[in-house]
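# Requesting a structural model of the entry that follows:
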Amino acid sequence: MSKIILYKSKFCGYCSAAIRFLEQEKNQKIEIIDLTHNYEKRMELVQQTGHRTVPLIFIGDVFVGGYDDMIALERAGELDPLLEAIETK
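Predicted coordinates for the structure are as follows:
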């Protein structure tokens, strides 16, 4: 996987913030998948990731977590290397 996938639901402020951050601050293209009416896929992702809330952010093969997790990576200087790795694939 060499892209960013963000799973969201309707009326999710953290989802909107994550999308805005990745697109505007990091200039990234994102595949956005809405889970609002897809309970089966949401439960599949809960089992896969252990996270029950959205957004669920994947950068390449790496599950980043949610918005707060992504911002923590940014503050630690670990987000840009993940983004650069997908750009070189």
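# Residues in contact with the lowest-mean-pLDDT helix or strand in the chain: which ones?
Lowest by mean pLDDT, DSSP states H and E among the helices and strands of the chain is helix 79-87, with a mean of 93. By Cβ atoms under 8 Å, 6 or more residues apart in numbering, the surrounding residues in contact with helix 79-87 are Ser2, Lys3, Ile4, Lys26, Gln28, Ile59, Gly60, Val62, Val64, Met70, Leu73, Glu74. Every C-beta, even on glycine, is put in place using the N, C-alpha and C of the backbone.
# give the contact list for the residue nearest the centre of the chain.
The residue at the geometric middle of the chain, judged as the C-alpha nearest the mean C-alpha position with Cα atoms, centre = their mean, is Ile57 (1.7 Å). Taking Cβ under 8 Å, 6+ apart as the criterion, Ile57 is in contact with Ile4, Ile5, Leu6, Tyr7, Ala18, Phe63, Val64, Gly65, Gly66, Tyr67, Asp69, Met70.
# Tell me the first helix or strand C-terminal of the strand or helix carrying it.
Ile57 belongs to strand 56-59 when assigned by DSSP states H and E. The first helix or strand that comes after strand 56-59 along the chain, using DSSP H and E, is strand 62-65.
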